[in-house]
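Asker: Have a look; sequence and predicted model below, questions after that.
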Amino acid sequence: MRFWVLAAFAVFSAVPASAADFNPPIARMISNYIQPAMAEFATTADRLPDAVTSVCSDASPSAVAGFRTAYADTLAAFSRIHFLRLGPLLEDDRLSRLAFLPDPRGIAQRQIRKIYAKKDAGVGAAESLRDKSVAVQGLTALQLIAFDKESEVVLGRADADRDFTCAYALAIARNVAAIADDVAADWEDKDGFQSVLLSGGPQNDRYRSSQEAMESVFNALVTGLIIVRDQDLLPALGASEAKARPNRFPFSRSANSIQYLSGELHGLQDAVTSLELEDMTPSDFHWIFAALDFEFGNAQKLLSELEPPLRQTFGQGESYSQVTVLAITLQSIRDTMALELAGALGLAGGFNSLDGD
């Protein structure tokens, strides 16, 4: 994907960018959004191993429902933080190890088939699983082995691979929980990445100023919007309604697409709000914040009108046109963020860490 080079921002800014101190809004985002959201993800993911153990011990309706809920809750918490492609979430391939997305060529499924063909014992423990391909050790891999194509939970069902699948699923759940705990702890570390982000200056090898640090934050936010539109929606829409591919929605196999998409947008909106940028924005551009709230609200309304699971219902009624409008809405939000708001703040950059992918 390619993202246009932004127009010159000097025409927007009432105050020279060099005079602006962006540390206060960054600090607010860390304490008011990032740390609580990461802690919630860690807490939620910590419940996943017990849910796997329960359904594998007794695949009763209540245990199946408990696993489905634990998996969905973990996905929801993950959806709210995965756009934070800076610092702890990128270290040690953590983001890809948590969820291998996008995967248009079905790499994870092919690798998992080989694992089952060999009965690879290395996937039966979190300690050895983390040394495997990132495609086979996270939430996307767990979806493939725990749900069938009709979105039914098959984990724990009696078949020839039951014990192998349960051991593999438990290893994934423990691996996800461990990564989530590590990411949350790293964001809490006052001497860790938050210190790097808040100490922009000549002695900082990463950020030469607080403006550069804020541009990194904007890069993460705008890239998150690009992901929702270009990776999560457009492949499913296809070239036309007749060529739609609903299985390309993220986490469609487990019937969690709508919840996941909604979580992504809630996370992005809450992160923007946590910056509290109104006082730094020239008054002529205060309309931007109401516009963003309006557009995010429209996006959530469109999602709420879709009927789950999208893998089975997409294409019925007005669903295709609703997702088409959603993609247009996300384009508008992206433009408002990357052009209008960034311009009003005097920020510069391409704001797309996916450039070249």
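Answerer: Good, I have the coordinates. Numbers count the residues shown, from 1 in each chain.

Asker: can we go C-alpha only for contacts and neighbour counts from here?
Answerer: Noted.

Asker: Phi and psi next, for the residue nearest to Glu215 when sequence neighbours are not counted.
Answerer: Nearest residue to Glu215, sequence neighbours excluded (C-alpha to C-alpha, 6 or more residues apart in numbering): Leu347, at 6.3 Å. Backbone torsions of Leu347, given as degrees, to the nearest 10, read phi -90, psi 150.

Asker: so Leu347 touches Ala213, yeah?
Answerer: No. Using C-alpha atoms under 8 Å, Leu347 is not in contact with Ala213, being 10.3 Å away.

Asker: residues in contact with Gly138?
Answerer: Counting by C-alpha atoms under 8 Å, 6 or more residues apart in numbering, Gly138 makes contact with 96-100, 172-173, 175-176.

Asker: what about 6 Å?
Answerer: Gly138 sits next to 97-99, 172 when contact means C-alpha atoms under 6 Å, 6 or more residues apart in numbering.

Asker: before we move on, what about Lys190?
Answerer: By C-alpha under 6 Å, 6+ apart, Lys190 lies in contact with nothing.

Asker: Let's see that with 10 Å instead.
Answerer: Lys190 makes contact with Val196, according to C-alpha atoms under 10 Å, 6 or more residues apart in numbering.

Asker: what about it, which SS state?
Answerer: With DSSP: H, G, I helix; E, B strand; the rest coil as the basis, Lys190 sits in coil.

Asker: and the gap between it and Ser199?
Answerer: 12 Å (C-alpha to C-alpha, to the nearest Å).

Asker: burial count for Asp93?
Answerer: Neighbour count of Asp93, defined by other C-alpha atoms under 10 Å: 11.

Asker: ok, back up a step: surely the residue nearest to Glu215 touches Ser209?
Answerer: No. With contact defined as C-alpha atoms under 10 Å, Leu347 does not count as touching Ser209 (11.8 Å).

Asker: what mean pLDDT does stretch 221-237 have?
Answerer: The average of the pLDDT scores along stretch 221-237 is 98.

Asker: Show me which residues of it are buried.
Answerer: For stretch 221-237, the neighbour count (16 or more other C-alpha atoms under 10 Å) marks 221-237 as buried.

Asker: how far out from the middle of the chain is it?
Answerer: Offset of stretch 221-237 from its chain centre (C-alpha atoms, centre = their mean, to the nearest Å): 10 Å.

Asker: is it true that Ala167 touches Lys119?
Answerer: No. Using C-alpha under 10 Å, Ala167 makes no contact with Lys119, being 11.3 Å away.

Asker: Those two: which is more packed in?
Answerer: Neighbours per residue, other C-alpha under 10 Å: of Ala167 and Lys119, the larger number sits with Ala167, 19 against 15.

Asker: Can you tell me the closest non-neighbouring residue to that one?
Answerer: Using C-alpha to C-alpha, 6+ apart, the closest residue to Ala167 is Gly124 (4.9 Å).

Asker: ok so, going back, now the two most distant members of the contacts of Gly138.
Answerer: Using C-alpha to C-alpha, the pair of these lying farthest apart is Ala99 and Ile172, separated by 10.9 Å.

Asker: joint contacts of these two?
Answerer: 136-142.

Asker: Just among these, which is most surrounded?
Answerer: In terms of neighbour count, Gln137 stands highest of the shared contacts of Ala99 and Ile172 at 30 neighbours, by other C-alpha under 10 Å.

Asker: So which bits of stretch 272-287 are buried?
Answerer: Buried residues in stretch 272-287 (16+ other C-alpha under 10 Å): 272-277, 280-281, 285-286.

Asker: CA atoms only: put that stretch into CSV for me.
Answerer: The C-alpha coordinates for stretch 272-287 follow below in CSV (Å, rounded to 0.1, in the frame of the first residue of the first chain):
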residue,chain,number,x,y,z
VAL,A,272,-7.3,10.3,19.8
THR,A,273,-9.6,11.6,22.6
SER,A,274,-7.0,10.8,25.3
LEU,A,275,-4.5,13.2,23.7
GLU,A,276,-6.7,16.2,24.5
LEU,A,277,-5.4,18.2,21.6
GLU,A,278,-8.0,21.0,21.6
ASP,A,279,-5.8,23.5,23.5
MET,A,280,-2.9,23.0,21.0
THR,A,281,-5.1,23.4,18.0
PRO,A,282,-5.8,26.8,16.5
SER,A,283,-9.4,27.8,17.1
ASP,A,284,-10.2,27.8,13.4
PHE,A,285,-9.7,24.1,13.4
HIS,A,286,-11.6,23.1,16.5
TRP,A,287,-14.3,21.8,14.2
